[in-house]
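Trainee: For reference, the sequence and a predicted model appear below.
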Amino acid sequence: APVAVFFSMFSPQTPCCIFQKQNRVTIAQGRIFHLHLLDELPTHAGTLPIHSISMIPYCQIKERGFKAIDGSEPIIALIPETLREMSTAEFLDQIVETPELALVGNLHYNLSDAEYEDVVAQVIEKEIKQGEGSNFLLSRKTSGTLSPAGVPAALTILARFMRNEFGSYMNFCFFDGTTYFVGASPERHLSVFKGEAYLNPISGTLPKAQADFHAALTAFLQDPKEIHELFQVVDEELKMMAKICKRGGEVEGPFLKEMRTLLHTEYLLKGETEMRPLDAFRATMFAPTMIGSPLENACRVICKYERDSRRYYSSAMLILGEDEERAPFLDSAITIRTLEIGADGHFTIQSGGSIVRDSIPKNERIEATTKALGAIKAMRETTATPPILEKTITPLQRRTLMARNDNLSQFWLRKQAHSFEDARLVGKSALIIDNEDDFVYMFAHILEHLGLTVRIEKIAAISLKPEELAEEIIILGPGPGNPENEADERIFRLNRLAENLHVSDKKFMGICFGHQVISRSLGLRLERLDTPLQGVQKEILLFDEKEIVGFYNTFVAVADNPLPSGVCASVSELGEVYALAAPNFRSFQFHPESVLTRNGLEILRGALLELLA
Ligand SMILES: C=C(O[C@@H]1C=C(C(=O)O)C=C[C@H]1O)C(=O)O
Ligand SMILES: NC(=O)CC[C@H](N)C(=O)O
């Protein structure tokens, strides 16, 4: 019988992965290898189109030099020996569910409700309000026990995810011979097909169980917190795209993504990549929606507040192979809404939400709980819940959603097909100081489009004597932290470089943190905003022009001291310095390189022309 076929290939020791994307189910069976580096994954493997399917642990982010609570989990790689494909319907026809599947005893959380809410409150107070970043994803673990355990449970849950979780990017069950990872992942991480790379930032969550769904959706679509939360991850993923797609890309969306119990908002980023898919994957470990921004510092924050290793949560299940034309492909699903089930039926599922400056601890706790309970409920639910969005959304609501793009930078939204090259800037050289925020890659992308040649370096790697730097202009990049915290070597060096630049012949520019250290070196005072502008779009008066710009700061320079002669400041009504201009430098408190700054390219062109042409 067909059922027997599955059960035999899924028999207690046979490693296997079944995954469903849209209407296709792939069943791979093979051998398991435990690896420690991405580069140990085979690049070619016989004649099968899929070369490996791997559970990548979160601590693999060490390969980027980032911090993680390290549980020493290996990459669990399945090297397929057989592959079968069929339609979802055909697969489901052959599955006999186990109706008695049930939870035994209570669910446990590694952090109580109060503890999780406290973590959220602390992250806002001690991180976002101290200039450490704009958003951070903190999670907690839910665990319980299922009965019966083993193959029947895993297949039943997979089938229920397939029947119920219509919004998934991928539903899957990965079995390494002992442990089952069963997931209904809403979110693609990276995929590369025929040289085209895709990232899919999803953020913003509306639980569907609402007394008045129509009103709740309207409020959700207009909620500045949800809007900015998504823009922040778009910016963070554009930083990744700028790294892996040298020739540029484009942004599609926003879209609403309907899941069984939740709605999310999302964008789709795509671009051409020349990188080897696995290198592109390493450069994008892991989705900013799972970590925060800026990414490297967010990894430290996670280590500070989470108690346990994330194991295989929030990383990815990675599929590598070759297409029919023998071009390499890569596909990956983010491992959220994913249960890790042991042979004894004990399972854990981890979940969280993006914490931003205006997050409310209780709501964040409810959101994280809804995500975990949604998966736990779906695994026991035998009847399908039909989607409701298409039937209820109004044209006005659709327009409200699309209007989110009105004030974004067209440079990033549309494919940068034509050149923005400026003859007066072609061949000029810039050194951008990477101050631990990959915004510098977006900055470099804009500068290259204007015709400059660009080098990006960490402050630790360069001389602090401007005359020893070859480039015509030095750009001090944005970064986490308090510019006055000179105990930090990076911050100390950046302050010294800013001072030295003033007494040199070099032209220079500062963005956000860079602007703050330049302001300090002119004797301006910094203030900490109690309502940080982390990930916020505002209309400002920039000198004489109205501009819509993106801010990612907690600190501001205030102009209560007279400025040195020759220096002009663009100042808000509250005395905050938005920008400085002098014959030898320009600096901006906002981010001209952000998708949130509508005319960022033109603002930079203007500043560069003033300085270099
Ligand atoms: C992190 C999770 O979900 C992510 C966080 C979201 C949010 O904060 O709104 C939305 C979708 C996911 O990108 C999770 O399910 O654990
Ligand atoms: N994006 C940035 O450069 C932020 C600068 C500084 N850490 C602040 O929060 O104000």
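Mentor: Happy to help now that I have it. Residues are numbered from 1 along each chain as shown. Ligands and ions are numbered 1, 2, ... in the order given.
Trainee: For Ala378, give me its contacts.
Mentor: Arg160, Phe161, Asn164, Glu165, Ala184, Arg260, Thr261 (C-beta atoms under 8 Å, 6 or more residues apart in numbering). (Glycine included, C-beta is placed from N, CA and C.)
Trainee: So which of these is surrounded by the most neighbours?
Mentor: Ala184 (30 neighbours; other C-beta atoms under 10 Å).
Trainee: gap between it and Arg399?
Mentor: The spacing between Ala184 and Arg399, counted by C-beta to C-beta, to the nearest Å, is 31 Å.
Trainee: swap in Phe91?
Mentor: 39 Å.
Trainee: again, but for Gln22
Mentor: 28 Å.
Trainee: Can you report how many residues neighbour the closest residue to ligand 2 within the stretch 301-450 of the chain?
Mentor: Residue nearest to ligand 2 within the stretch 301-450 of the chain: Asp437 (6.0 Å; C-beta to the nearest ligand atom). Asp437: 26 surrounding residues under other C-beta under 10 Å.
Trainee: Next, the contact list for it, please.
Mentor: So Asp437 contacts Lys239, Ser293, Pro294, Gly477, Pro478, Gly479, Pro480, Phe513 (C-beta under 8 Å, 6+ apart).
Trainee: And Phe543, by the same measure?
Mentor: Cys568, Ser570, Ala579, Ala581.
Trainee: quick one: average confidence on the helix or strand harbouring the second one?
Mentor: What that stands for is Ser570. Using DSSP states H and E, Ser570 sits in strand 568-571. Here strand 568-571 scores 97 as its mean pLDDT.
Trainee: likewise stretch 16-35?
Mentor: For stretch 16-35, the mean pLDDT works out to 95.
Trainee: What separates the first and last residues of it, distance-wise?
Mentor: 17 Å (C-alpha to C-alpha, to the nearest Å).
Trainee: Report the buried residues of it.
Mentor: Buried residues in stretch 16-35, counted by 16 or more other C-beta atoms under 10 Å: 16-21, 25-30, 32-33, 35.
Trainee: cool, stretch 217-233 as well?
Mentor: Across stretch 217-233, burial judged by 16+ other C-beta under 10 Å covers Leu217, Phe220, Leu221, Lys225, Glu226, Ile227, His228, Glu229, Leu230, Phe231, Gln232, Val233.
Trainee: Using PDB, write out every CA atom in that stretch.
Mentor: The C-alpha trace of stretch 217-233 is given here as PDB (Å, rounded to 0.1, in the frame of the first residue of the first chain):
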ATOM      1  CA  LEU A 217      -7.100  45.400   9.600                       C
ATOM      2  CA  THR A 218      -7.600  49.100   8.900                       C
ATOM      3  CA  ALA A 219      -5.900  50.000  12.200                       C
ATOM      4  CA  PHE A 220      -3.100  47.600  11.500                       C
ATOM      5  CA  LEU A 221      -2.400  49.000   8.000                       C
ATOM      6  CA  GLN A 222      -2.100  52.500   9.400                       C
ATOM      7  CA  ASP A 223      -0.200  51.700  12.600                       C
ATOM      8  CA  PRO A 224       3.100  53.600  12.500                       C
ATOM      9  CA  LYS A 225       4.700  51.000  14.700                       C
ATOM     10  CA  GLU A 226       3.900  48.200  12.300                       C
ATOM     11  CA  ILE A 227       4.800  50.300   9.300                       C
ATOM     12  CA  HIS A 228       8.200  51.300  10.600                       C
ATOM     13  CA  GLU A 229       9.000  47.800  11.900                       C
ATOM     14  CA  LEU A 230       8.700  46.500   8.300                       C
ATOM     15  CA  PHE A 231      10.700  49.400   6.800                       C
ATOM     16  CA  GLN A 232      13.500  48.700   9.300                       C
ATOM     17  CA  VAL A 233      13.800  45.100   8.100                       C
END
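Trainee: Centre-most residue in the protein?
Mentor: By C-alpha atoms, centre = their mean, the chain has its centre lying nearest to Pro288, at 1.8 Å.
Trainee: and the residue lying closest to that one once chain neighbours are set aside, what does it touch?
Mentor: Residue nearest to Pro288 in three dimensions, not counting chain neighbours: Glu236, with 3.5 Å by C-beta to C-beta, 6 or more residues apart in numbering. Applying C-beta under 8 Å, 6+ apart, we find Glu236 in contact with Pro201, Pro288, Ser293, Pro294, Leu295, Asp438.
Trainee: Highest neighbour count among the contacts of Phe543?
Mentor: Ala579 (23 neighbours).
Trainee: Let me know how buried Glu40 is, in neighbour terms.
Mentor: Neighbour count of Glu40, defined by other C-beta under 10 Å: 12.
Trainee: Number of residues surrounding the residue nearest to it when sequence neighbours are not counted?
Mentor: Of all residues beyond its chain neighbours, the one nearest Glu40 is Ile75 (7.5 Å), with distances taken as C-beta to C-beta, 6+ apart. Ile75 has 21 neighbouring residues, counting by other C-beta under 10 Å.
Trainee: And the pLDDT for Ile75?
Mentor: 98.
Trainee: So is stretch 278-297 next to ligand 2?
Mentor: No - Stretch 278-297 lies out of reach of ligand 2 by C-beta under 6 Å from any ligand atom, never closer than 7.4 Å.
Trainee: For that stretch, output the C-alpha coordinates as CSV.
Mentor: Taking Å, rounded to 0.1, in the frame of the first residue of the first chain, the C-alpha atoms of stretch 278-297 are listed here in CSV:
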residue,chain,number,x,y,z
LEU,A,278,26.6,29.3,-0.6
ASP,A,279,28.7,32.5,-0.2
ALA,A,280,25.6,34.6,-0.6
PHE,A,281,23.9,32.5,2.1
ARG,A,282,26.8,33.0,4.5
ALA,A,283,26.7,36.8,3.8
THR,A,284,23.0,36.8,4.7
MET,A,285,23.1,34.7,7.9
PHE,A,286,20.5,35.2,9.2
ALA,A,287,17.3,37.0,8.5
PRO,A,288,17.3,40.5,10.1
THR,A,289,13.6,39.8,11.0
MET,A,290,15.0,37.1,13.3
ILE,A,291,17.8,39.1,14.9
GLY,A,292,17.5,42.9,14.7
SER,A,293,19.5,45.9,13.4
PRO,A,294,22.2,46.7,13.1
LEU,A,295,22.8,43.0,12.8
GLU,A,296,26.1,42.4,14.5
ASN,A,297,25.2,44.3,17.7
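Trainee: Quick check: mean pLDDT of it?
Mentor: 97.
Trainee: That one near ligand 1 anywhere?
Mentor: Yes - judged by C-beta under 6 Å from any ligand atom, stretch 278-297 comes into contact with ligand 1 at Thr289, Met290.
Trainee: Phi and psi next, for the residue of the stretch 151-300 of the chain found nearest ligand 2.
Mentor: Nearest residue of the stretch 151-300 of the chain to ligand 2: Pro294, at 7.4 Å (C-beta to the nearest ligand atom). Main-chain dihedrals, Pro294, degrees, to the nearest 10: phi -70, psi 150.
Trainee: got it, and the one 4 residues further on?
Mentor: Reported as degrees, to the nearest 10, the phi and psi values for Ala298 are phi -60, psi -30.
Trainee: what does stretch 479-489 contact?
Mentor: 130-133, 294, 297, 435-437, 460, 490-492, 494-495, 512-514, 516-517, 520, 526, 528, 555.
Trainee: Kindly report the same for stretch 454-467.
Mentor: 429-435, 440-441, 444, 447-448, 469, 471, 474, 489-490, 493-494, 496-497, 500-501, 504-506, 508.
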